[in-house]
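>>> Next one to model:
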Amino acid sequence: MVDMSFSFYELHPKIVWGHFATLCAIPRASKQEAKLRATLYDWARGLGLDCKVDATGNLIIRKPASPGYERAPGVVLQAHLDMVCQKNADSPHDFSCDPIRPRALNGWLKAEDTTLGADNGIGVALILAALEDGNLVHGPLEVLLTVDEEAGMGGASGLECGVLQGQLMLNLDTEEWGEFYLGCAGGLDVNVARSGVAEPITDGLETCQIALSGLRGGHSGVNIHEERGNGIKLLVRVLRELERTMPLRLASLHGGNARNALPREAFATIAVPAADRGRLPVALCRLQEVLRQELKGVDDGLSLEVADAAADSLMSLREQEIWLGSLHAAPHGVRRMSRQVPGVVDTSNNLGMVDLHPNGGLCNFMVRSLLDSGSLALADEIVSLFALSGTQAETAGYYPGWMPNPASPLLAVCQRVYRRDFGADSHVQVIHAGLECGIIGSKYPGMDIVSFGPTIRGAHAPGEAVDIESVGKCWDLLKAILAELATQECSA
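Numbering: from 1, shown residues only. Reported below is the predicted structural model:
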């Protein structure tokens, strides 16, 4: 589809990595998948495959069964086209037009200053390889490549009932080789907005910016239990500490740019009396040491810096009090661990984005839970907290969890094939991160769903990497599972 460059030529299997090269070459932020979708649509039509783009923008491709396997059960292969777009503050990368530039190092393919898009680009590449491979043995295949997964599961939510015909689905959107996923959390967003009236900067005040950076960030579902630092929460704490020692005024506060990523950085523009400006470096050095001690072994790179910056106006003291008090009191992190699935987070919340300015502001919380009642209850707590100050907070984007079915016949096939071909037992997991399986399963009751994928580290953060060898193993496993399913007679 495109010429492979640099190390892509050296990676195996080439049929998979060639498609991932295409995904790296074409920008694909959430809600901006149209160019990639059109490219894949034309490519699939060139193979003679039936293609359709539904009203939501999902791409659906059908490949007839291999000759002699027409009566095998239909299988849906599913992944999402979009990726989380995160970069380091000093990176010039433009996700709207620049290609991802990964490099291979010590068995991993990674992007240094941006996300790689292995989540879920590798899953898409594996599926495209299955469509392309003429030697693959399989029953009827349907491919569902959804849009807008990372920004709210919009593609899966908009999928119509009755479009898919297969009763088996392999989702290729997990991040640990050797594990089959059978359930995931559901969730929803809490969006907070409040307006204010700007005030002028009075004489005698000097403006500057405080930058909190150097955190690891990560996936708000996968890494939430590791107690990594949240840049927004930490900077709010710093501002409140400074308020105790000097008359600080807030002009703006910005942090995070993805609802499902732990905020790695946050920035506040403030104004303080000229006499206090010189005290800030020492105060921040002391707070930096306090926070580093608290995050030791988890987020050792935390940095607090101050630099001169301009501001035209300030938030009112009342709005500053409401915002900093509410954000400081708002929950973040693990609420409770599951008692039914040991070692798995049951309910959590991520304060993922904040954007405050003199005329008002907004923030976003992403709530997850294995129990739908758990996510709804925690979201209501957040709404109630902000209601105390008359601040508007609304829930949106609810999606159901994926309830595990340990008796899944598809899981039994996957486990049997894995044991046969790789000489070891696989592991069954339930993940706290959200997958589209729960939404699709709610629209197609009775569909048997299993998810697997290669080993990915650092998803949703710069430095995201995928284990190259595990991608090849996933390709072998996918081919073997499809071949095994092809030998089964359709029960319909």
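
>>> E199 contacts R318, doesn't it?
No. With contacts defined as Cβ atoms under 8 Å, E199 does not count as touching R318, sitting 10.1 Å away. Bear in mind the C-beta positions are built from the backbone N, C-alpha and C, glycine included.

>>> who has more neighbours, these two?
Under the criterion of other Cβ atoms under 10 Å, the comparison of E199 against R318 puts E199 first, with 16 against 11.

>>> contacting residues around the more buried one?
In this structure, E199 makes contact with 313-316, 358, judged by Cβ atoms under 8 Å, 6 or more residues apart in numbering.

>>> which of the residues you listed has the most neighbours?
Neighbour counts for the contacts of E199, by other Cβ under 10 Å, peak at M315, which reaches 26 neighbours.

>>> and the gap between S442 and Y399?
As judged by Cβ to Cβ, to the nearest Å, S442 and Y399 stand 9 Å apart.

>>> Settle it for me: which of those two has more neighbours?
Y399 (25 against 18).

>>> looking at it, V466 is touching T455, isn't it?
Yes. Checked against Cβ under 8 Å, the pair V466 and T455 is within contact range at 7.0 Å.

>>> tell me the SS of G183?
Reduced to three states with DSSP: H, G, I helix; E, B strand; the rest coil, the structure at G183 is strand.

>>> For it, grab the count of nearby residues.
The criterion is other Cβ under 10 Å. On that basis, G183 has 22 neighbouring residues.

>>> Can you show me the strands along the stretch 201-350 of the chain?
Listed from the start of the chain, the stretch 201-350 of the chain has strands (DSSP state E, counting those that start in this stretch) covering 205-213, 249-255, 266-273, 303-308, 313-314, 333-337, 345-357.

>>> Tell me which of those strands approaches N223 most closely.
Closest approach to N223 among the strands of the stretch 201-350 of the chain is made by strand 345-357 (9.8 Å; Cβ to Cβ).

>>> Pull that closest one out as CSV, backbone CA atoms only.
Only the C-alpha atoms of strand 345-357 are listed here, as CSV (Å, rounded to 0.1, in the frame of the first residue of the first chain):
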residue,chain,number,x,y,z
VAL,A,345,-9.2,-2.6,39.4
ASP,A,346,-13.0,-2.4,39.8
THR,A,347,-13.6,1.3,39.7
SER,A,348,-11.4,4.3,38.9
ASN,A,349,-11.4,7.9,37.7
ASN,A,350,-8.9,10.0,35.6
LEU,A,351,-8.9,13.8,35.8
GLY,A,352,-7.5,13.9,32.2
MET,A,353,-7.8,17.5,30.9
VAL,A,354,-8.2,21.0,32.3
ASP,A,355,-8.3,24.3,30.5
LEU,A,356,-8.9,27.4,32.7
HIS,A,357,-8.7,31.0,31.6
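
>>> Give the next helix or strand downstream of that strand.
strand 360-369 (DSSP states H and E).

>>> Show me which of V466 and T455 is the more surrounded one.
With neighbours defined as other Cβ under 10 Å, V466 and T455 compare such that V466 has more, 26 against 21.

>>> dump the residue contacts of the nearest residue to that one once chain neighbours are set aside.
Across the structure, with Cβ to Cβ, 6 or more residues apart in numbering as the measure, the residue nearest V466 apart from its sequence neighbours is A118 (3.9 Å). Contacts of A118 were listed using Cβ under 8 Å, 6+ apart, and they are 20, 109, 454, 456, 459, 464-466.

>>> and these as TSV, adding distance to G204, secondary structure and pLDDT?
Listed next are the contacts of A118 as TSV, based on distance: Cβ to Cβ, whole Å; DSSP: H, G, I helix; E, B strand; the rest coil; pLDDT from 0 to 100:
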residue	distance to G204	secondary structure	pLDDT
F20	57	helix	97
L109	54	strand	96
P454	58	coil	98
I456	52	strand	97
A459	47	coil	92
E464	46	coil	96
A465	50	strand	97
V466	54	strand	98
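
>>> Just among those residues, which is most surrounded?
For the contacts of A118, counting by other Cβ under 10 Å, the largest number of neighbours falls to E464: 29 neighbours.

>>> In contact with it, which residues?
By Cβ under 8 Å, 6+ apart, the contact list for E464 reads 110-111, 115-119, 456-458.

>>> same deal with G229?
Contact criterion Cβ under 8 Å, 6+ apart gives 215-216, 262, 291, 295, 298-299, 302 as the residues in contact with G229.

>>> Among those residues, which one lies nearest to L482?
So of the contacts of G229, ranked by how close each gets to L482 (Cβ to Cβ), first place is L262, at 35.9 Å.

>>> my guess is that closest one contacts R228, does it?
Yes. Contact criterion Cβ under 8 Å: L262 and R228 qualify, at 5.6 Å.

>>> okay, and the common contacts of the two?
Residues touching both L262 and R228 by Cβ under 8 Å, 6+ apart: 215-218.

>>> For the residues you listed, give me CSV that also has distance to C208 and neighbour count.
Rendered in CSV, the data for the shared contacts of L262 and R228 read as follows (distance: Cβ to Cβ, whole Å; neighbours: other Cβ atoms under 10 Å):
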residue, distance to C208, neighbour count
L215, 21, 25
R216, 26, 20
G217, 25, 26
G218, 29, 22
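
>>> Which pair of the residues you listed spans the longest distance?
Across those, the two lying at the largest distance from each other (Cβ to Cβ) are L215 and G218, at 9.0 Å.

>>> hey, what's in contact with both of those two?
Shared between the contact lists of L215 and G218 (criterion: Cβ under 8 Å, 6+ apart) are residues 228, 262.

>>> Report the two of the contacts of A118 separated the most.
When the contacts of A118 are compared pair by pair using Cβ to Cβ, the maximum separation belongs to F20 and A459, at 14.9 Å.

>>> coming back round to it: gap between the residue nearest to V466 and I481?
21 Å.

>>> per-domain residue ranges of the chain.
If you go by automatic domain parsing, the domain ranges for the chain are 6-184+402-486, 188-399.

>>> Off-centre distance for the last one?
Pointing back at domain 188-399 there. On the basis of Cα atoms, centre = their mean, to the nearest Å, domain 188-399 sits 19 Å off its chain's mean C-alpha point.

>>> again, but for the longest one
From the chain centre to the centre of domain 6-184+402-486 is a distance of 14 Å (Cα atoms, centre = their mean).

>>> Any stretches of the protein with poor pLDDT?
Counting by pLDDT under 70, the low-confidence segments of the chain come to 1-7, 490-492.

>>> right, and A465 touches L109 too?
Yes. The pair A465 and L109 passes the contact test of Cβ under 8 Å, sitting 6.5 Å apart.

>>> any shared contact partners between these two?
In contact with both A465 and L109: 116, 118, using Cβ under 8 Å, 6+ apart.

>>> Highest neighbour count among the contacts of E464?
The most neighbours, when the contacts of E464 are compared by other Cβ under 10 Å, belong to A118, which has 32 neighbours.

>>> in the stretch 151-300 of the chain, which spans are helices?
For the stretch 151-300 of the chain, the helices identified by DSSP state H, counting those that start in this stretch occupy 154-158, 231-243, 274-277, 280-294, in order along the chain.

>>> List just the nearest of the contacts of A118 to G472.
P454 (8.6 Å).

>>> what about the closest residue to the closest one other than its chain neighbours, distance to A104?
Leaving aside its chain neighbours, P454 sits nearest to S470 (3.9 Å; criterion: Cβ to Cβ, 6+ apart). Taken as Cβ to Cβ, the spacing of S470 relative to A104 amounts to 14 Å.

>>> Quickly list what's touching both of those two.
Taking Cβ under 8 Å, 6+ apart as the contact criterion, S470 and A104 have no common neighbours.

>>> Looking at the two, which one has more neighbours?
Under the criterion of other Cβ under 10 Å, the comparison of S470 against A104 puts S470 first, with 21 against 15.

>>> With that, I have no additional questions.
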